[in-house]
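Engineer: just need the structure, nothing else, for what follows:
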Amino acid sequence: MDYRNNNMTPPPYFGGNTVTTQTNSVMKRVYVRMFVGLLISAFCALGVVSSPAAMSFFFGNQIVFWGLFIAMLVMAFVLPARLTRMSTSTCLLLFCVFSAMMGVWIAPIFIVYKLGTIVSTFFITAGTFGAMSIYGYFTKSDLSKIGTYLIMALWGLIIAIVVNIFLKSSSLEWIISIVGVLLFTGLTAWDTQTVKRLAAANLEPQMADKLATMGALNLYLDFINLFLFLLRFVGGRD
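Structural biologist: Model prediction:
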């Protein structure tokens with residue numbers, strides 16, 4: 001997201017209590033909103049997969065299928081770009097809409113994979129995500145340089161996925177899965193540290209709230225992608 005490249009710099013340090021309180025407040029909202037986004041996605045996915053009519057509408061129609069994908073892609077880039085122009089409520093609403101769309105998009109996993117596999121992979125993802133987010137929050141190391149390489153690797157991964165749509169190479173798919181897990185594990189730590197640093201800035205309440213939503217969106221995407229790539233390893237397809 002664009003906010004990752006934001007050049008906002010925290011103001012001079014005048015006292016720990018205010019900065020710590022603001023940071024904790026923003027981070028709490030980040031995780032709460034991320035959790036809400038995951039719940040929305042889960043309910044939407046289950047709702048779609050339990051309805052043959054909904055499955056036929058979203059995945060039996062190429063226009064709807066690709067329209068949904070393009071809409072999510074546009075939102076992922078437009079939301080951060082128009083952050084300052086949107087109200088806090090609009091920003092939060094669009095995040096919820098994005099989460100619902102993502103839930104619809106991943107609904108077929110309940111057909112492709114066994115329920116036990118999905119549940120166990122979810123807990124593995126939650127444990128990995130939690131450990132890396134804690135590391136990103138408490139580490140004293142500067143992860144900004146690593147973040148630059150991670151973004152470059154992300155674009156490389158996207159290109160590889162697109163290429164493999166045509167090649168249909170199982171070997172390349174396996175490599176993509178390995179890289180995907182490692183990449184989003186690293187991005188989780190980096191995104192957490194980035195949000196924490198921006199949260200320490202002397203932001204006005206509205207901007208702090210928007211930052212919480214954007215931070216939730218990025219960590220939500222890290223979690224979802226980590227979960228989907230791990231599913232490829234665990235297997236257990238029906």
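
Engineer: which stretches of this protein have low pLDDT?
Structural biologist: 1-17, 202, 236-238 (pLDDT under 70).

Engineer: which other helices and strands contact whichever strand or helix holds K210?
Structural biologist: K210 is part of helix 205-234 when elements are defined by DSSP states H and E. Counting by 3 or more C-beta pairs under 8 Å, 6 or more residues apart in numbering; DSSP states H and E, the packing neighbours recorded for helix 205-234 are helix 16-49, helix 62-81, helix 88-105, helix 115-138, helix 170-199. Yep, even glycine has a C-beta here, placed from its N, CA and C like the rest.

Engineer: tabulate these (JSON lines), appending mean neighbour count and distance to P205.
Structural biologist: As requested, those are exported to JSON lines (neighbours: other C-beta atoms under 10 Å; distance: least, C-beta to C-beta, whole Å):
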{"stretch": "helix 16-49", "mean neighbour count": "17", "distance to P205": "10"}
{"stretch": "helix 62-81", "mean neighbour count": "13", "distance to P205": "19"}
{"stretch": "helix 88-105", "mean neighbour count": "18", "distance to P205": "9"}
{"stretch": "helix 115-138", "mean neighbour count": "16", "distance to P205": "22"}
{"stretch": "helix 170-199", "mean neighbour count": "20", "distance to P205": "12"}
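
Engineer: and these as CSV, adding distance to V163?
Structural biologist: Putting the helices and strands packed on helix 205-234 into CSV (distance: least, C-beta to C-beta, whole Å) gives the following:
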stretch, distance to V163
helix 16-49, 27
helix 62-81, 17
helix 88-105, 21
helix 115-138, 26
helix 170-199, 8
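
Engineer: nearest to K210, of those helices?
Structural biologist: Among the helices and strands packed on helix 205-234, the nearest to K210 by C-beta to C-beta is helix 88-105 (5.1 Å).

Engineer: chain center to that closest one, what's the gap?
Structural biologist: The chain centre lies 12 Å from the centre of helix 88-105; the measure is C-alpha atoms, centre = their mean, to the nearest Å.

Engineer: next: stretch 49-62.
Structural biologist: On C-alpha atoms, centre = their mean, the centre of stretch 49-62 falls 24 Å from that of its chain.

Engineer: put the alpha carbons of it into PDB.
Structural biologist: Taking C-alpha atoms only, stretch 49-62 is exported to PDB below (Å, rounded to 0.1, in the frame of the first residue of the first chain):
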ATOM      1  CA  VAL A  49     -20.200 -21.500  -0.600                       C
ATOM      2  CA  SER A  50     -23.400 -22.700   1.100                       C
ATOM      3  CA  SER A  51     -25.500 -21.200  -1.800                       C
ATOM      4  CA  PRO A  52     -25.300 -22.900  -5.200                       C
ATOM      5  CA  ALA A  53     -26.900 -19.800  -6.700                       C
ATOM      6  CA  ALA A  54     -24.300 -17.500  -5.300                       C
ATOM      7  CA  MET A  55     -21.400 -19.800  -6.400                       C
ATOM      8  CA  SER A  56     -22.900 -19.900  -9.900                       C
ATOM      9  CA  PHE A  57     -23.300 -16.100 -10.000                       C
ATOM     10  CA  PHE A  58     -19.700 -15.300  -8.800                       C
ATOM     11  CA  PHE A  59     -17.700 -18.200 -10.300                       C
ATOM     12  CA  GLY A  60     -19.900 -19.300 -13.200                       C
ATOM     13  CA  ASN A  61     -19.800 -15.900 -14.900                       C
ATOM     14  CA  GLN A  62     -16.400 -14.700 -16.200                       C
END
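
Engineer: brilliant, that's me finished.
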